[in-house]
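In: fold the following for me, if possible:
(one chain, ligands or ions: 2)
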Amino acid sequence: MTDAHTAGPFIAAIDQGTTSSRCIVFDRDGRIVSVDQKEHEQIFPKPGWVEHNANEIWTNVQEVVAGAVEKAGITRDDIKAIGITNQRETTVLWDKNTGEPVHNAIVWQDTRTDALCRELGRNVGQDRFRRETGLPLASYFAGPKARWLLDHVDGLKERAEAGDILFGTMDSWVIWNLTGGVDGGRHVTDVTNASRTMLMNLHTMQWDEKIAESIGVPLQILPEIRSSAEVYGEVTGGRLGELLGGIPVASALGDQQAALFGQTCFTEGETKSTYGTGTFMVMNTGSKIINSYAGLLTTVGYKIGDQPTVYALEGSIAVTGSLVQWMRDQMGLISTAAEIETLALSVEDNGGAYFVPAFSGLFAPHWRSDARGVIAGLTRYVTKAHLARAVLEATAWQTREIADAMVKDSGDELVTLKVDGGMTANNLLMQNLADVLDAPVVRPMVAETTCLGAAYAAGLAVGFWSSIDELRANWRRAAEWTPRMDAETRDREYKNWLKAVERTMGWLEDED
Ligand SMILES: Nc1ncnc2c1ncn2[C@@H]1O[C@H](COP(=O)(O)OP(=O)(O)O)[C@@H](O)[C@H]1O
Ligand SMILES: O=P(O)(O)OC[C@H](O)CO
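Out: Residues are numbered from 1 along each chain as shown. Ligands and ions are numbered 1, 2, ... in the order given. Okay, here's the model as predicted:
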């Protein structure tokens, strides 16, 4: 409920994430007024495949927006804009005449396009994709997922060619539905989401016709690329139309870019890392498009209205928090995620065990889809408590590998790492992170930086906030961890970690 400290008006932000959708209402100081959240089903049709039901997601989005508005005790007149942030790369195709998805959405973690990516590498070459889109050929990205759907859903290519099919990452799907759906919904995406499709040229910020043709995605199904902060349309029709009709839909950013913005990393060199299902470290590189030679992604950080584009370097780690979930749900070694800390603290160290969770291959900086998970260094001495340590250390070491790559690519030392996300509740992990990075790690008061970033961008678009300097003043430190590990231990442990990483590679062979 609102109180004297949170007088309106407000901005609402929708975070359509991998495991849940949530809506948060923020006040002018960037403080949280209310939150509503709902999980959706994770569909695993085959090993390596992950799908979501896009209709379920849209239903949940409507519910959480209504829920957050109700919990805040506010009405349409109190809300100046709605912003969107979303899990990136997850791909849905739908019929623009009926609004029905043609298939479940294919989720970013899904590896079904591995073979297609290898084929594209052989026929077109890796370098061309990297040069034009900033991305290595990997099953992670949206373009090849769209091609898979066009190849595997009966009659879809013909319907796409006839102009009946629309492509979207989850921002496009949510915005199209929010702004009217079949009755004139806006088919748009923003530059950050477009930069994850492998179809956008980073230099022109438009769809790259030749790349789209080589992947096999017709241009007519693609949304219009817009900035991350501008009014795309108004809430119209349906359940939300009654409740919030007329409110501008005024921002869209991929969730990791939204977190960069919410952490107010507005200066070149500032870096954040978000610890959720996966982990994503993003560094603001200003107006520079830095080609990565060390295994990072070159991507768009944000673009506010007609201001110049801000670029970024990103290190993406597929499995971090989901490894803790796996210990809980598949192994039954803990009953809550938080218990991993208690279990890990019951021993002094990892007992010699190193756990490399290459469940979806290895993302940055290796980009090896043939890798699979290993636990190395096992002896009879190792207990489940040592494994709990190894699980947490896996997140820290994977971050270290990316931090090293960022230093190589950007030439900038990591001064401080701003962190957020569910895993930052784990003190042992955060201390370990500061130790292995040999740099301070800081967490802000508002840990919901993803929604906050989307709210900030929407608020800037409608003049609710006047400038990014006003936003910077809202960032306040809640916790800080400083390095305590001696260099000899750090170097020895890192060497062991890298040895374990090597052992994951080449597990899958070409025909697998
Ligand atoms: N105390 C904890 N220690 C370690 N991992 C945790 C802890 N609490 C939550 N997690 C992990 O964090 C993830 C949830 O974080 P969240 O930021 O909500 O993720 P997402 O936005 O990706 O859904 C889960 O994978 C969970 O296993
Ligand atoms: O929804 P999250 O927080 O797991 O984020 C997923 C990323 O956007 C994938 O690139």
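In: identify the residues contacting the nearest residue to residue 254 once chain neighbours are set aside.
Out: The spatially closest residue to residue 254, leaving aside those adjacent along the chain, is residue 88, at 3.9 Å (C-beta to C-beta, 6 or more residues apart in numbering). C-beta: built from backbone N, CA, C; applies to glycine. Contact partners of residue 88, counting by C-beta atoms under 8 Å, 6 or more residues apart in numbering, are 108, 169, 192, 193, 196, 254, 255, 256.
In: relative to residue 143, how far out is residue 104?
Out: In this view, residue 104 and residue 143 are 18 Å apart by C-beta to C-beta, to the nearest Å.
In: between these two, which is the more surrounded one?
Out: Higher neighbour count among residue 104 and residue 143: residue 143, with 31 against 19, using other C-beta atoms under 10 Å.
In: okay, and the more buried one sits in which element?
Out: Using DSSP states H and E, residue 143 sits within helix 142-152.
In: equivalent analysis for residue 241, please.
Out: helix 238-244.
In: excluding chain neighbours, give the residue nearest to residue 46 in space.
Out: residue 112 (7.8 Å).
In: what of residue 32?
Out: residue 24 (5.7 Å).
In: do the same with residue 387
Out: In space, residue 387 is closest to residue 353, 6.1 Å off (C-beta to C-beta, 6+ apart).
In: that neighbour against residue 374, yeah?
Out: No - under the criterion of C-beta atoms under 8 Å, residue 353 makes no contact with residue 374, lying 10.5 Å away.
In: higher neighbour count, the two?
Out: Between residue 353 and residue 374, residue 353 has the larger neighbour count (other C-beta under 10 Å), namely 22 against 19.
In: quick check: residues of the stretch 201-350 of the chain near ligand 1?
Out: 276, 277, 321, 322, 324, 325, 337, 338, 340, 341 (C-beta under 6 Å from any ligand atom).
In: now, of those, which are buried?
Out: 276, 277, 321, 322, 324, 337, 340, 341 (16 or more other C-beta atoms under 10 Å).
In: now do residue 3, the pLDDT please.
Out: Looking at residue 3, its pLDDT is 48.
In: can you tell me the SS state at the residue lying farthest from the centre of the chain?
Out: In the chain, the residue that sits farthest from the middle, by C-alpha atoms, centre = their mean, is residue 380; the gap is 38.3 Å. Secondary structure state of residue 380, per DSSP: H, G, I helix; E, B strand; the rest coil, is coil.
In: low-confidence stretches in the stretch 301-450 of the chain?
Out: Regions of the stretch 301-450 of the chain meeting the criterion pLDDT under 70 are absent.
In: spit out the contact partners of residue 235.
Out: Residue 235 sits next to 82, 178, 179, 241, 244, 245, 246, 247, 249 when contact means C-beta under 8 Å, 6+ apart.
In: just confirm the second one contacts residue 58, I think it does.
Out: Spelled out, that is residue 178. No - the criterion here is C-beta under 8 Å, and residue 178 misses it with residue 58 at 9.0 Å.
In: more crowded one of these two?
Out: Legend: neighbour count by other C-beta under 10 Å for residue 178 and residue 58, higher for residue 178 (29 against 23).
In: and the more buried one, what pLDDT?
Out: For residue 178, the pLDDT comes out at 96.
In: quick one on the thing from earlier: what about whichever helix or strand comes after the helix holding residue 241, average pLDDT?
Out: Going down the chain from helix 238-244, the next helix or strand is strand 248-254, by DSSP H and E. Mean per-residue pLDDT for strand 248-254: 98.
In: between the helix or strand following strand 248-254 and strand 248-254, how many degrees?
Out: The first helix or strand that comes after strand 248-254 along the chain, using DSSP H and E, is helix 255-262. Relative orientation of helix 255-262 versus strand 248-254 (axes from the mean of the first three to the mean of the last three C-alpha atoms, to 10 degrees): 110 degrees.
In: hey, C-alpha coordinates of helix 255-262 in CSV?
Out: C-alpha atoms of helix 255-262 as CSV (Å, rounded to 0.1, in the frame of the first residue of the first chain):
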residue,chain,number,x,y,z
ASP,A,255,16.6,-7.8,-18.6
GLN,A,256,20.4,-7.6,-18.4
GLN,A,257,20.6,-4.2,-20.1
ALA,A,258,17.7,-3.1,-17.8
ALA,A,259,19.8,-4.1,-14.8
LEU,A,260,22.8,-2.2,-16.2
PHE,A,261,20.5,0.9,-16.4
GLY,A,262,18.9,0.2,-13.0
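In: strand partners (parallel or antiparallel) of the helix or strand that that helix is followed by?
Out: With elements assigned by DSSP H and E, the helix or strand that comes after helix 255-262 is strand 271-275. Strand 271-275 sits in its sheet next to strand 279-286 (antiparallel), strand 417-420 (parallel), going by DSSP bridges.
In: and for the shortest one, what's in contact with it?
Out: In this case it means strand 417-420. 259, 262-263, 265, 270-275, 281, 399, 403, 430, 433, 437, 439-444, 447-450.
In: so does that strand get close to ligand 2?
Out: No - contact of strand 417-420 with ligand 2 is not found when judged by C-beta under 6 Å from any ligand atom; the minimum separation is 10.3 Å.
In: quick check: buried residues in whichever helix or strand comes after that strand?
Out: Using DSSP H and E, the helix or strand that follows strand 417-420 in sequence is helix 427-437. Using 16+ other C-beta under 10 Å as the test for burial, helix 427-437 gives 428, 429, 430, 431, 432, 433, 434, 435, 436, 437.
In: return the member of those residues nearest to ligand 2.
Out: residue 429 (16.8 Å; C-beta to the nearest ligand atom).
In: which residue packs closest to the closest one, ignoring adjacent ones?
Out: Residue 429 sits nearest to residue 392 (C-beta to C-beta, 6+ apart), 4.6 Å away.
In: check residue 138 too.
Out: Per C-beta to C-beta, 6+ apart, closest to residue 138 is residue 367, 5.5 Å.
In: what count of nearby residues applies to residue 291?
Out: Around residue 291 there are 13 residues (other C-beta under 10 Å).
In: repeat that for residue 70.
Out: Counted with other C-beta under 10 Å, residue 70 comes out at 12.
In: mutual contacts of residue 353 and residue 374, please.
Out: With C-beta under 8 Å, 6+ apart as the test, residue 353 and residue 374 reach no residue in common.
In: so where do the helices sit in the stretch 1-150 of the chain?
Out: 54-72, 114-123, 126-133, 142-152 (DSSP state H, counting those that start in this stretch).
In: mind checking the ones you listed for the one nearest to ligand 1?
Out: helix 54-72 (13.4 Å).
In: could I get the average pLDDT for that closest one?
Out: Averaging pLDDT along helix 54-72 yields 96.
In: on contacts alone, who are the packing partners of it?
Out: Counting contacts by 3 or more C-beta pairs under 8 Å, 6 or more residues apart in numbering; DSSP states H and E, helix 54-72 is packed against strand 10-16, strand 20-26, strand 32-39, helix 170-178, helix 238-244.
In: now tabulate those in JSON lines and tack on distance to residue 506.
Out: Listed next are these as JSON lines, based on distance: least, C-beta to C-beta, whole Å:
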{"stretch": "strand 10-16", "distance to residue 506": "36"}
{"stretch": "strand 20-26", "distance to residue 506": "35"}
{"stretch": "strand 32-39", "distance to residue 506": "36"}
{"stretch": "helix 170-178", "distance to residue 506": "33"}
{"stretch": "helix 238-244", "distance to residue 506": "49"}
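In: looking at those, which is nearest to residue 314?
Out: Closest to residue 314 of those is helix 170-178 (C-beta to C-beta; 17.2 Å).
In: the closest one close to ligand 2?
Out: No - in terms of C-beta under 6 Å from any ligand atom, no part of helix 170-178 sits within range of ligand 2; the closest distance is 9.1 Å.
In: packing partners of that helix?
Out: strand 10-16, helix 54-72, strand 79-86, strand 92-95, strand 165-168, strand 188-190, strand 229-234, strand 248-254.
In: what does the second one rub up against?
Out: To tie it back to what came earlier, the one meant is helix 54-72. When contacts are defined by C-beta under 8 Å, 6+ apart, helix 54-72 is touched by residues 1-2, 10, 12, 14, 16, 20-25, 33-38, 40-41, 75, 78-79, 82, 92, 94, 100-101, 104-105, 170, 173-174, 177, 238-240, 243-244.
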